[in-house]
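**Student:** return atomic coordinates for the entry below.
(one chain, ligands or ions: 1)
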Amino acid sequence: LKSRGPFTDDEPAAPGVVSRRALLGGIGAAGAFGAGALLFGACSSDATPSGAPGTSSAVVADSVPFFGAHQAGIATPSQDRLLFGAFDILTTETHAVQDLLSAWTAAAADMTQGQELGNNNTLAAPADDTGEALGLPPSKLTITIGFGPTFFEQHGVDRFGVKAKRPAALAPLPAFAGDNLDPQSSDGDLGVQVCADDPQVAFHALRNLTRIGKGTVGLRWSQLGFGRTSGHQSGDAETKATPRNLLGFKDGTNNIVGTDLATMNEDVWVGAADGPAWMHGGAYVVTRRINMRIEIWDRNSLGDQEQTIGRAKASGAPLGAHGEFDLVPLTLKDKAGALVIDPLAHIRLAAPSENGGIRILRRGYSFTDGVDLTTANLEAGLFFIAYMRDPRKQFVPLQHHLAGKTHDRLNEYIQHTGSAVFAVPPGVREGHFIGEGLFR
Ligand code: HEM
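**Tutor:** Below you'll find the model as predicted:
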């Protein structure tokens, strides 16, 4: 049973939302519950099939179940905010890494259900929980953990005795035309995607994971994101507006929807035959920090902007069509016989029918990071996140196609400045830790 800490009063929470403090009071009244097994009526928005092994049937209001067949934060409809952290491992001891993953799993299970961490609230020592999320609802917090290529081998060293278990699909990404990567915003032994509707809840989660890992891991880079750029909410087409990226265009119209299980199995989840066994039910995530030359973009005509993307800016409809979700008329020609959607428009080159059938689940966020001192403009762009079954067959050829000779028109306005790839293992049952199968 967790202590409620030094606080005594519950603060009012939004209707239908259970605050951390109210929750803790609930626990106190009801007795000890396992993480994620609280009783406030199901209102999960996770697309993880209910009844999946280890999934608690009763979940906390405003929360996404932590336990399940897949890690949350992939098929889950995108929350409003992102904080991504990549960590370097500082230890050479395999058991210390296992302990860390075990502690992170337990903390993630608690935090995603709105629980306060630990039980140390004596005045003589620092509290186990840093406290800034007390009183806040779970805010659909998800914490998604993955392993980078350097986890398995670094400078030829098999650091944790798992080199032979590195999935072939987890190869370091190759260089792409136009890349200008900053090593300090790239790579990492472990990657942690934290998403929540409240940025303070996301901050609290990554801060406390960092704190728990002190001495075992150190943060290598982190990225804040806002304004999700992935309209893959279930029912988006009918009910929810697709969000806009910082170029002002709707982004995520043609994306994989997490509830489309057939497509998720085909393009996102690692299958049993894909190997290795410890990745079955997981996925690979590619992150790319993509800076936008927004000043140049802003001086570009509306017509040219629309030709660059291939869609109308206001409605999001493909050029030559009427509605946002209309089929993209890639072969439609105007009276002069020219293609209505430019031959080098972004959506043409990225479309499965033109890229060899590749599909990925995009889950990116916009970012701004202060001022670009060379131009005195806002440094801003897209923190591109994409989940897939095999980056060698999906992201790598697609990005070569966009960045290479065919030359996406968008390249004039963007530059990739950070890059990482992580193997995200499947979800866990209670009592187990994320990535446990790797060490078996
Ligand atoms: C700053 C960089 C980028 C911006 C601003 C951007 C913007 C957009 C926009 C506005 C759309 C149309 C709406 C939609 O269907 O979602 C789109 C579609 C798409 N983008 Fe990007 N994108 C960027 C980078 C990338 C990258 C790096 C990739 C993959 C390597 C990618 C893959 C796709 C795909 C697959 C589609 C859907 C195409 C279709 O099937 O119609 N994008 N993007």
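**Student:** any idea how far E266 lies from A403?
**Tutor:** 25 Å (C-beta to C-beta, to the nearest Å). Placement of C-beta: from N, CA and C, glycine included.
**Student:** show me which of the two is the more surrounded one.
**Tutor:** A403 (20 against 13; other C-beta atoms under 10 Å).
**Student:** wait, that one touches N180, no?
**Tutor:** No: the criterion here is C-beta atoms under 8 Å, and A403 misses it with N180 at 11.6 Å.
**Student:** need the overlap of contacts for these two.
**Tutor:** When C-beta atoms under 8 Å, 6 or more residues apart in numbering defines a contact, the residues bordering A403 and N180 alike are H416.
**Student:** shaky segments in the chain?
**Tutor:** Filtered on pLDDT under 70, the chain yields the residue ranges 1-59, 231-239, 405-406.
**Student:** ok, the residue nearest to G281 when sequence neighbours are not counted - contacts?
**Tutor:** Residue nearest to G281 in three dimensions, not counting chain neighbours: P426, with 3.2 Å by C-beta to C-beta, 6 or more residues apart in numbering. Counting by C-beta under 8 Å, 6+ apart, P426 makes contact with A69, H70, Q71, V270, M279, H280, G281, G282, G437.
**Student:** nearest to L123 among those residues?
**Tutor:** Q71 (37.1 Å; C-beta to C-beta).
**Student:** now that closest one. Its backbone dihedrals?
**Tutor:** Main-chain torsions, Q71, degrees, to the nearest 10: phi -70, psi 140.
**Student:** so it touches I145, yeah?
**Tutor:** Yes: applying C-beta under 8 Å, one finds Q71 in contact with I145, separated by 7.0 Å.
**Student:** between those two, which contacts overlap?
**Tutor:** What both Q71 and I145 touch, as defined by C-beta under 8 Å, 6+ apart, is the set V424, P425, I434.
**Student:** tell me who's in contact with Y413.
**Tutor:** Contacts of Y413 (C-beta under 8 Å, 6+ apart): L247, M292, R293, I294, I296, W297, N300, T308.
**Student:** also near the ligand: which of these, exactly?
**Tutor:** L247, M292 (C-beta under 6 Å from any ligand atom).
**Student:** among the contacts of Y413, which two are most distant?
**Tutor:** I294 and T308 (13.4 Å).
**Student:** circling back: let's have the contacts of P426 in a markdown table, adding secondary structure.
**Tutor:** Shown next, in a markdown table, are the contacts of P426 (DSSP: H, G, I helix; E, B strand; the rest coil):
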| residue | secondary structure |
| --- | --- |
| A69 | coil |
| H70 | coil |
| Q71 | coil |
| V270 | coil |
| M279 | helix |
| H280 | coil |
| G281 | coil |
| G282 | coil |
| G437 | helix |
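**Student:** for those, which one is nearest the ligand?
**Tutor:** If you rank those by distance to the ligand using C-beta to the nearest ligand atom, V270 comes first, at 19.3 Å.
**Student:** the closest one and H280, how far apart?
**Tutor:** Counting by C-beta to C-beta - V270 and H280 are separated by 6 Å.
**Student:** ok, these two, which is more surrounded?
**Tutor:** Between V270 and H280, counted using other C-beta under 10 Å, the more crowded position is V270 (27 against 17).
**Student:** wait, what's in contact with the more buried one?
**Tutor:** Taking C-beta under 8 Å, 6+ apart, one finds P167, A169, M279, H280, G281, G282, A283, Y284, R389, D390, P426 in contact with V270.
**Student:** tell me which element the closest residue to the fourth one other than its chain neighbours is part of?
**Tutor:** Computed as C-beta to C-beta, 6+ apart, the closest residue to H280 that is not its neighbour in sequence is A272, at 5.2 Å. Secondary-structure assignment from DSSP states H and E places A272 in no helical or strand segment.
**Student:** so A272 sits against W278, correct?
**Tutor:** No: under the criterion of C-beta under 8 Å, A272 makes no contact with W278, lying 11.7 Å away.
**Student:** neighbour-wise, which of the two wins?
**Tutor:** W278 (21 against 8).
**Student:** mind listing what's buried along stretch 297-305?
**Tutor:** Residues W297, Q305 are the ones in stretch 297-305 that count as buried (16 or more other C-beta atoms under 10 Å).
**Student:** which residues of the stretch 101-250 of the chain lie near the ligand?
**Tutor:** Checking the stretch 101-250 of the chain against the ligand by C-beta under 6 Å from any ligand atom, the hits are N245, L247, F249, K250.
**Student:** ok, the last one touching P243?
**Tutor:** It refers to K250. Yes: using C-beta under 8 Å, K250 is in contact with P243, at 7.2 Å.
**Student:** quick one: which of the contacts of V270 is nearest D197?
**Tutor:** Using C-beta to C-beta, the contacts of V270 come closest to D197 at A283, 22.6 Å.
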